[in-house]
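Asks: I'll drop the sequence and a predicted model, then ask my questions.
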Amino acid sequence: MKKTVHFGAGNIGRGFIGALFSQSGYHVTFVDIAEQIINQLNEEKSYQVKLATDKGETTKINNVSGLNNMTQENEVVEAIQQATYLTTAIGPNILPRIAPLIARGLKERVNSQNEKLYVIACENQIGATDILRNHILEHLDDETKGKLDGRIYFFNSAVDRIVPIQDNKGSLDVLVETYYEWVVETSEIIPEVQGMKIVEDLAPYIERKLFTVNTGHAVIAYLGYLSGKSTIDQTLADEKIAKQVQETLKETGAYLIKQYGLDEAEHTKYINKILERFKNPYLNDAVTRVARGPIRKLGPEDRLVRPATEAQKAGLSYSNLAKAIAAALLFDFNEDEEAQKLQAMIKENGVMNVLKEISKLEENSEVTKEVINQYEKLQQEVK
Ligand SMILES: NC(=O)c1ccc[n+]([C@@H]2O[C@H](COP(=O)([O-])OP(=O)(O)OC[C@H]3O[C@@H](n4cnc5c(N)ncnc54)[C@H](O)[C@@H]3O)[C@@H](O)[C@H]2O)c1
Ligand SMILES: O=P(O)(O)OC[C@@H](O)[C@@H](O)[C@H](O)[C@H](O)CO
């Protein structure tokens, strides 16, 4: 049986990428630090993926097992020897932490065989696989680096499927939306995986996804949090917030249409489809999940700041994006480590410095001025 190694046995790992590999005839070895999930995968050897629909259709996912990357390093290295693919869905901030072990696995592999291995990071981040590759290279000697060519391939990708935090504690089963899209950038002919779409240029796909699905999601989550809402669908039922989401997606849309020559009517359809996905009541998707990690989300290349700076450069409107950035700056959820760190930074150094440090926005830039203006207005509104 063909084999694949997937880092991150969480929502996207089990509910999307691992499931697609299993359905394509692969044995999936999940690598994670969550001991309970690893044990259950090894004991139960399967789980169910349940669709967030009125019927709740389920699919059984077989041929799965688990390894703990903290306590079973040698076994993970061994699994990497046998794999055709190595994928991750672990969170962008975790990629540097798993890179040393992947590097060990790759070193052993290229010294003992010529079989090709395809590495794909499935994270919400532009160029996540390139970033992972650079972290891996830091842990390899020059001789090993020289052997990667033609053996180890690194492909960037875009992943889209809403998988909420599961409230079935103690079960491996995962509730997911029906819709999914996994786009992988390569011009190589690679072993088929059901549901994987191959493209030669990922940029329009990842930007369209990140700056529509994730920008829209972030607006709903941050404004929803500020207005005391719990879930995404509940927040979108608020007409004022729904209008704000539309206006923000018009701004990212204008940039995407200009940048990639997208058809305006098609893009409007794409936006509307996404808004329908957000309204799915069966997902029960918490605003605090979607808002998680505000420091990452306020990064210069992420879903809020990049479209705002790109729109500004292109002479397009960005005031609604500035409002979304302001709302993210006000996210003070006490169970989110980044939110707490962000609030401490704002308290100590002020918003302008935080925008400079985290978002790489210059002090007197037009975007910074607009964000501060929106931040002050929002602060008054939520008082
Ligand atoms: N959930 C979604 O709707 C969705 C959709 C598209 C993309 N994504 C992206 O997929 C990635 C994962 O998101 P998720 O929602 O599945 O998160 P998640 O928290 O459900 O899963 C992450 C998994 O990584 C594991 N992990 C954390 N640190 C680790 C470490 N050092 N070593 C090994 N495992 C570790 C956790 O135990 C967890 O099982 C993120 O980049 C996210 O942006 C999520
Ligand atoms: O995973 P994050 O934290 O980057 O973003 C939160 C959500 O917007 C995200 O997980 C979406 O549900 C997903 O990207 C849909 O494809």
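Replies: Received the coordinates, thanks. Fair warning: this is a prediction, and the values are worked out from it, not measured in the lab. Ligands and ions are numbered 1, 2, ... in the order given.
Asks: counting contacts, what elements does the host helix or strand of I198 pack onto?
Replies: In this assignment (DSSP states H and E), I198 forms part of strand 196-199. In terms of contacts (3 or more Cβ pairs under 8 Å, 6 or more residues apart in numbering; DSSP states H and E), strand 196-199 is packed against strand 181-185. C-betas here are computed from N, CA, C, even on glycine.
Asks: What strands line up against the strand it packs on, and which way round?
Replies: Strand 181-185 pairs in its sheet with strand 157-160 (antiparallel), strand 196-199 (parallel), by DSSP bridges.
Asks: Let me have those in CSV, extended by mean pLDDT and distance to ligand 2.
Replies: Converted to CSV, the strands paired with strand 181-185 look like this (pLDDT from 0 to 100; distance: least, Cβ to the nearest ligand atom, whole Å):
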stretch, mean pLDDT, distance to ligand 2
strand 157-160, 98, 4
strand 196-199, 98, 14
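Asks: What parts of the protein come near ligand 2?
Replies: Residues of the chain lying near ligand 2 by Cβ under 6 Å from any ligand atom: 124, 160-162, 213-214, 217, 290, 292-293.
Asks: can you rerun that using 5 Å?
Replies: If contact is defined as Cβ under 5 Å from any ligand atom, the residues of the chain in contact with ligand 2 are 124, 160, 162, 214, 217, 290, 292.
Asks: among those, which two are most distant?
Replies: D160 and R292 (17.3 Å; Cβ to Cβ).
Asks: These two: which is more packed in?
Replies: D160 (23 against 20; other Cβ atoms under 10 Å).
Asks: ok so, going back, how about the strand holding I198: buried residues?
Replies: Judged by neighbour count using 16 or more other Cβ atoms under 10 Å, the buried positions of strand 196-199 are 196, 198-199.
Asks: Any chance of those residues in a markdown table with distance to A19 as columns?
Replies: Below are the buried residues of strand 196-199 laid out as a markdown table (distance: Cβ to Cβ, whole Å):
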| residue | distance to A19 |
| --- | --- |
| M196 | 12 |
| I198 | 19 |
| V199 | 22 |
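Asks: Specify which member of the residues you listed is nearest to ligand 1.
Replies: Of all the buried residues of strand 196-199, ligand 1 sits closest to M196, with 14.5 Å by Cβ to the nearest ligand atom.
Asks: so E192 touches S24, yeah?
Replies: Yes - the criterion here is Cβ atoms under 8 Å, and E192 meets it with S24 at 6.7 Å.
Asks: Please identify which of the two sits among more neighbours.
Replies: S24 (17 against 9).
Asks: I figured the more buried one hits V193, correct?
Replies: Yes - between S24 and V193 there is a contact under Cβ under 8 Å: 4.8 Å.
Asks: Would you mind measuring from T4 to T88?
Replies: Per Cβ to Cβ, to the nearest Å, T4 is found 12 Å from T88.
Asks: Most proximal residue of the stretch 151-300 of the chain with respect to ligand 1?
Replies: Among the residues of the stretch 151-300 of the chain, V163 lies closest to ligand 1, at 3.9 Å counting by Cβ to the nearest ligand atom.
Asks: List the residues that contact that residue.
Replies: Counting by Cβ atoms under 8 Å, 6 or more residues apart in numbering, V163 makes contact with 11-12, 15-16, 174-177.
Asks: what residue ranges in the protein are flagged as low confidence?
Replies: For the chain, no stretch has pLDDT under 70.
Asks: Let's verify the most centrally placed residue in it: helix, strand, or coil?
Replies: Nearest to the mean C-alpha position of the chain, counting by Cα atoms, centre = their mean, stands N124 at 2.5 Å. Recorded secondary structure, N124: coil (DSSP: H, G, I helix; E, B strand; the rest coil).
Asks: E338 versus that one, what's the distance?
Replies: 15 Å.
Asks: again with F16
Replies: Taking Cβ to Cβ, one finds F16 at 24 Å from E338.
Asks: what does L140 give?
Replies: 30 Å.
Asks: same deal with V367?
Replies: 21 Å.
Asks: Could you check which of these two has the larger neighbour count?
Replies: Taking neighbours as other Cβ under 10 Å, V367 and E338 compare with V367 leading, 22 against 19.
Asks: who's in contact with that one?
Replies: Here V367 is in contact with 305, 308-309, 312, 318, 322, 361 (Cβ under 8 Å, 6+ apart).
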